[in-house]
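> my questions concern the predicted model and sequence given below.
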Number of protein chains: 2
Amino acid sequence: MKKVSVKDIAKLSGVSVATVSRVINNNGRFSEETRKKVLQVIEETGYEMNYSAKTLRTNKSYTIGILVPDISNYFFSDVVQKIEYILFERGYSTIICNTGRNEKKELDYLKVLQGKGVDGLIVISGAEEFSFDYTEAKKEIPYICIDREPKDKSQTTFISSNHYQGAFEATEHLIKVGCRHPIFAVLNRKSTSAKERLSGFKEALKKNHFTFDNSSILYLDNPPAEMKRQTQAFFNNYPTTDGILATNDAIALELLNILHNMQYKIPEQIKVIGFDDSPITNYSTPPLSSVQQDTAKIAETAANHLLYLMKHPNETGQTLIVPVTLKLRQSSAL
Amino acid sequence: MKKVSVKDIAKLSGVSVATVSRVINNNGRFSEETRKKVLQVIEETGYEMNYSAKTLRTNKSYTIGILVPDISNYFFSDVVQKIEYILFERGYSTIICNTGRNEKKELDYLKVLQGKGVDGLIVISGAEEFSFDYTEAKKEIPYICIDREPKDKSQTTFISSNHYQGAFEATEHLIKVGCRHPIFAVLNRKSTSAKERLSGFKEALKKNHFTFDNSSILYLDNPPAEMKRQTQAFFNNYPTTDGILATNDAIALELLNILHNMQYKIPEQIKVIGFDDSPITNYSTPPLSSVQQDTAKIAETAANHLLYLMKHPNETGQTLIVPVTLKLRQSSAL
DNA sequence: TTGTAAGCGTTATCAA
DNA sequence: TTGATAACGCTTACAA
């Protein structure tokens, strides 16, 4: 089955290719009659636009690239899915690139995306070690960063949840329900957002006249067995620990399991709060309190702002902070 | 910053565009000397291939489309991620399309992907109501189906977990650990795979001389509140139910919660097994037994087979079944 | 209101 | 071993 092109449409409807193009793009002027005729032929033949040709000619691909560390992570997949949805409604397709937190792969993707002529880029998170420096990769594709502080903020728009606020509120909550030695549990591989969360935690401690020192932060590493070892060692050293703010739900759940095995009662002896409010929080025992990020708002902001940036390339440099909500469940109850 | 093209490379290295193209694609013949020179210039200028032009010319896009119902579902995201990884290694980028189980959106995506000239298509699952009939959408893009039985198997390759085997084994396990009235819990919106699972369940019942009737199957609907109502009604009617095979982990977990609220003890009074073996199974109380699908194998098979199909368009019609593994945890313990 | 034709960056054919 | 050039399907001045 041969592909049908504008040329065929032109021939079949007895007009020129230029007219066909105008009709398709609702450009220039043409009579109602020809419009009808052309559209009818298009319908009949099942014509499909060849986007490569269009892109080549117009330098617009109607394609957006998304760089994301790990799509099986709930927060990421949720945001990506929502962005994709919005962009599709606006006529853009999305190439989702799973970088697996691998810098080389990220750079490779960047090259490909560039070659495909993406109109814009959304970069989500990533480890702090290689903060995104897209300018080095030259070419001027507008891009926005979610949750990853770019090296040069002036070249982009930075969108982030208010991690600071979330951690601050969560910590104050722990204190309010009676924790005397709340700690912050975080992966050694720290992201921009984890740093913000840590500083919210610290600030809440300070405001409530608690001291922050080695006994206030538990560093963890994957795999779970290693986490277990680290957690046990920590509780050996600091047995008065009675509250944990974890840097994400996955860690919080792992800790729930570990602590349960160590015979601690949650929330009676130790209260736990996670981050992200993933669906699993409802199914753990006890159900996990968590700081909910407003993924819908983040996605919407990101998509709209990128589209805007594509029209106004110079209006970069903004930072947009999206509020979070503390979802209380049993794991931090009195 | 102007984009550099083959023409520029040609000029700078003192050869023709044809030669540059040959070097880039390692095509035709050229002297070692020119090769070096050209590659050097490419390196220096940071030249990036314009894929739109290449695609337009060659009719190959090095892009694969993936149609997936819901990327925030663990099984789907896991498979997609793995496919994407393999394809990228082979030089293909992937456009992931979230259809949200919406037929119209799926058709729209199909059009766009066609327009972008994707070289192949991977279609994952979907509700049974609109079994994929890509042939109707004409054009002959090779495609393979995962977990979704296509209308016309002869046009594609069908890859699926052995849902039948998984359900069969899980059911036999329930019986072995003492269940006298095991049931199958399933969403009303049934997929191809759910049907297979149901038939494995039935067969295991039969083999063990249990009868299958209305009391053997619990139909559920979202949202959770509705599920709760349905479950309570079911247990009212059939109070001797003592084992559940759920059609996926999400439902199993919801049931765990509902049954817990109804004061049932799991696994003492009722044993539960899920499907997919998502990470959450470790964090529920009790930890959830589940049938694990071999996502790595599925992804690998799908990617390799699609690439193969792209070279040998006529060798369709195969069905590839991937074995599953029953992961036992406490929710179905004696 | 419509048509002609140039040109986007590649690859491929043919000739040199 | 190389170079000139047509062609891929589309948009867009410019002409008519």
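Received, thanks. Bear in mind that the values here come from a model prediction, so they are computed numbers and not experimental data. Residues are numbered from 1 along each chain as shown, chains lettered A, B, ... in the order given.

> tell me who's in contact with residue A:321.
Residues near residue A:321 by C-beta atoms under 8 Å, 6 or more residues apart in numbering or on different chains: A:160, A:161, A:162. For glycine as for every other residue, the C-beta is placed from the backbone atoms N, C-alpha and C.

> recalculate using a threshold of 10 Å.
Contacts here follow C-beta atoms under 10 Å, 6 or more residues apart in numbering or on different chains; on that basis residue A:321 touches A:158, A:159, A:160, A:161, A:162, A:163, A:164, A:165, A:196, A:301.

> then residue A:312?
Counting by C-beta under 10 Å, 6+ apart, residue A:312 touches residue A:142.

> buried residues in the lowest-mean-pLDDT helix or strand in chain A?
Ranking every helix and strand in chain A by mean pLDDT, DSSP states H and E puts helix A:103-115 at the bottom, with a mean of 85. Residues A:105, A:106, A:109, A:110, A:112, A:113, A:114, A:115 are the ones in helix A:103-115 that count as buried (16 or more other C-beta atoms under 10 Å in any protein chain shown).

> with respect to DNA strand D, which of the residues you listed is nearest?
residue A:115 (15.9 Å; C-beta to the nearest atom of the strand).

> now do the closest one against residue B:54, distance only.
The gap separating residue A:115 from residue B:54 is 9 Å, by C-beta to C-beta, to the nearest Å.

> what touches both of those two?
Common contacts of residue A:115 and residue B:54 (C-beta under 10 Å, 6+ apart): residue B:62.

> show the contacting residues for the residue lying closest to residue A:187 once chain neighbours are set aside.
Leaving aside its chain neighbours, residue A:187 sits nearest to residue A:220 (5.6 Å; criterion: C-beta to C-beta, 6 or more residues apart in numbering or on different chains). Neighbouring residues of residue A:220 by C-beta under 10 Å, 6+ apart: A:185-189, A:226-231, A:234, A:246-247, A:251, A:254-255.

> show me those that map onto helices.
If you go by DSSP state H, those have A:226, A:227, A:228, A:229, A:230, A:231, A:234, A:251, A:254, A:255 in helices.

> in which helix or strand does residue A:320 reside?
strand A:319-322 (DSSP states H and E).

> what about residue A:288, distance to residue B:301?
From residue A:288 across to residue B:301, the span is 36 Å (C-beta to C-beta).

> between the two, which has more neighbouring residues?
Legend: neighbour count by other C-beta atoms under 10 Å in any protein chain shown for residue A:288 and residue B:301, higher for residue A:288 (28 against 19).

> for the residue lying closest to the more buried one once chain neighbours are set aside, list the residues it contacts.
Nearest residue to residue A:288, sequence neighbours excluded (C-beta to C-beta, 6+ apart): residue A:281, at 4.1 Å. Counting by C-beta under 10 Å, 6+ apart, residue A:281 touches A:74, A:249, A:252-253, A:274, A:287-290, A:292, A:327, A:329, A:331, B:283.

> now check stretch A:101-121, is it near chain B?
Yes: with C-beta under 10 Å from any C-beta of the partner chain as the criterion, chain B is reached by stretch A:101-121 at A:105, A:108, A:109, A:110, A:111, A:112, A:113, A:114, A:115, A:116, A:117.

> can I get the buried residues of helix A:103-115 in CSV with distance to DNA strand D?
Formatted as CSV, the buried residues of helix A:103-115 follow (distance: C-beta to the nearest atom of the strand, whole Å):
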residue, distance to DNA strand D
A:105, 30
A:106, 31
A:109, 25
A:110, 25
A:112, 20
A:113, 21
A:114, 19
A:115, 16
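
> which one of the residues of stretch A:101-121 next to chain B is nearest residue B:22?
residue A:115 (18.7 Å; C-beta to C-beta).

> ok, which stretches of chain A are strands?
Taking DSSP state E as the test, the strands found in chain A are A:63-68, A:93-98, A:120-124, A:143-146, A:157-161, A:182-187, A:217-220, A:243-246, A:271-275, A:289-293, A:319-322, A:324-327.

> in CSV, list the contacts of residue A:281 along with pLDDT and distance to residue B:142.
Listed next are the contacts of residue A:281 as CSV, based on pLDDT from 0 to 100; distance: C-beta to C-beta, whole Å:
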residue, pLDDT, distance to residue B:142
A:74, 88, 33
A:249, 94, 40
A:252, 96, 44
A:253, 95, 41
A:274, 97, 44
A:287, 95, 47
A:288, 96, 45
A:289, 97, 49
A:290, 98, 44
A:292, 97, 43
A:327, 97, 46
A:329, 97, 48
A:331, 97, 50
B:283, 91, 40
